[in-house]
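1. just need the structure, nothing else, for what follows:
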Amino acid sequence: MEKQNRIFAAFKTAFPYTIPVLTGFLFLGISYGVLMSVSGFPLWCPLLISCIVYGGSLQFAAVAMLLSAFAPVEVLAVALVVQARHLFYGITMMEKFKGTGWKKFFLIFGMSDETFSINCSTEPPADIDRPWFMLWVTILDWFYWVGGTAIGAGIGNFITFNTEGLDFAMTAMFVVIFIEQWLKDKKHWSAFIGMAASVVCLVLFGADSFLIPTMLCILLLLGIFRKPIERAGEEE
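-> Sure, this is the predicted structure:
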């Protein structure tokens, strides 16, 4: 009974943090499901992809790749570039995932941008089991995405209007996340580092190749300025 109470307490604590993700993921998932449906894929296809791939931006990009000629090397390259940022997420979360036991497998699999943001920046109350808190955040976010995909795929057959531009929903989601982080932090160290690194790498490497260099620059700069950033966070 005590274990059940601890698990339920972690769920009640985690759920409010995921409400912004719920609203975003439902819309994005519906957009993805509709896009797949109007592109000619059966209902089970987007649902299965969302369950096992669970990579929002990659899934939107994969729609065109699935409709193109078979090119596994190109698909692998695109997937690595689009999802390369998760390598840095993993490095950041290595310490937090210690001692999580079997939960670590799903925590790693379900580490989306939004889930990483919550689990990395949120400190649950002392009486809340941290591993269970992080697991619930991960499960809920995954469920929102899969649920939205199921709804979108289900109603896609009834869509008759032009759906061009639905894939921009993912870009809009990233903008919202950035704004939320900007409003949350007062010093904006991380935001300025991210923007500066992105602009410089975009100019140097171009739009098709700037993502990985940007992430490397951000990781390097955050490491160099770690102490000032931490002091600024403590002052807030």
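2. which parts of the helix or strand encompassing Val73 count as buried, going by neighbours?
-> In this structure, Val73 sits in helix 72-83 according to DSSP states H and E. Neighbour-count burial for helix 72-83, counted by 16 or more other Cβ atoms under 10 Å, picks out 75, 78-79, 82. Glycine gets a C-beta too; all of them are placed from N, C-alpha and C.
3. phi first, then psi, for Asp208.
-> Main-chain torsions, Asp208, degrees, to the nearest 10: phi -90, psi -10.
4. hang on, the earlier thing: the buried residues of helix 72-83: which two are farthest apart?
-> Maximum pairwise distance among the buried residues of helix 72-83 (Cβ to Cβ): 10.6 Å, between Val75 and Val82.
5. quick one: mean pLDDT over the helix holding Val73.
-> Averaging pLDDT along helix 72-83 gives 75.
6. chain center to that helix: distance?
-> What separates the centre of helix 72-83 from the centre of its chain is 17 Å, taken as Cα atoms, centre = their mean, to the nearest Å.
7. give me the neighbour count for Leu43.
-> By other Cβ atoms under 10 Å, the residues close to Leu43 number 16.
8. now the one 3 residues further on
-> Counted by other Cβ under 10 Å, the residues lying close to Pro46 total 26.
9. so what's the nearest residue to Pro125 once chain neighbours are set aside up against?
-> The shortest distance from Pro125 to any non-neighbouring residue, by Cβ to Cβ, 6 or more residues apart in numbering, is to Thr13 (6.8 Å). By Cβ atoms under 8 Å, 6 or more residues apart in numbering, the contact set of Thr13 is 124-125, 128, 133.
10. at 10 Å what do you get?
-> 122, 124-125, 127-129, 132-133, 136-137 (Cβ atoms under 10 Å, 6 or more residues apart in numbering).
11. quick one on the thing from earlier: between the buried residues of helix 72-83, which is closest to Pro228?
-> Val82 (31.4 Å).
12. report the set of residues contacting both of Val75 and Val82.
-> By Cβ under 10 Å, 6+ apart, the residues touching both Val75 and Val82 are 58, 61-62.
13. where's the dip in pLDDT among those?
-> Lowest-confidence member of the shared contacts of Val75 and Val82: Ala61, scoring 78 (pLDDT).
14. pretty sure that one sits against Ala77.
-> No. Ala61 is beyond contact range of Ala77, at 11.6 Å (criterion: Cβ atoms under 10 Å).
15. pull the distance from the longest helix anywhere in the chain to the chain's centre.
-> Ranked by residue count and defined by DSSP state H, the top helix of the chain is helix 2-38. Offset of helix 2-38 from its chain centre (Cα atoms, centre = their mean): 12 Å.
16. quick one: Phe97 from Gly110, how far?
-> As judged by Cβ to Cβ, to the nearest Å, Phe97 and Gly110 stand 12 Å apart.
17. what touches both of the two?
-> Jointly contacting Phe97 and Gly110 under the rule Cβ under 10 Å, 6+ apart are 119, 134.
18. what about the two, which has more around it?
-> For Phe97 and Gly110, the more surrounded residue by other Cβ under 10 Å is Gly110, and the numbers stand at 21 against 17.
19. quick check: phi and psi on the more buried one?
-> Backbone geometry at Gly110, expressed as degrees, to the nearest 10, gives phi -90, psi 20.
20. now do the same contact list for it.
-> Applying Cβ under 10 Å, 6+ apart, the residues contacting Gly110 are 54, 116, 119, 134-135, 137-143, 145.
21. filter those to the buried ones?
-> 54, 116, 119, 134-135, 137-142, 145.
22. put together JSON lines for the residues you listed, with secondary structure on each row.
-> Below are these laid out as JSON lines (DSSP: H, G, I helix; E, B strand; the rest coil):
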{"residue": "Tyr54", "secondary structure": "coil"}
{"residue": "Phe116", "secondary structure": "helix"}
{"residue": "Asn119", "secondary structure": "helix"}
{"residue": "Met134", "secondary structure": "helix"}
{"residue": "Leu135", "secondary structure": "helix"}
{"residue": "Val137", "secondary structure": "helix"}
{"residue": "Thr138", "secondary structure": "helix"}
{"residue": "Ile139", "secondary structure": "helix"}
{"residue": "Leu140", "secondary structure": "helix"}
{"residue": "Asp141", "secondary structure": "helix"}
{"residue": "Trp142", "secondary structure": "helix"}
{"residue": "Trp145", "secondary structure": "helix"}
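23. sounds good, over and out.
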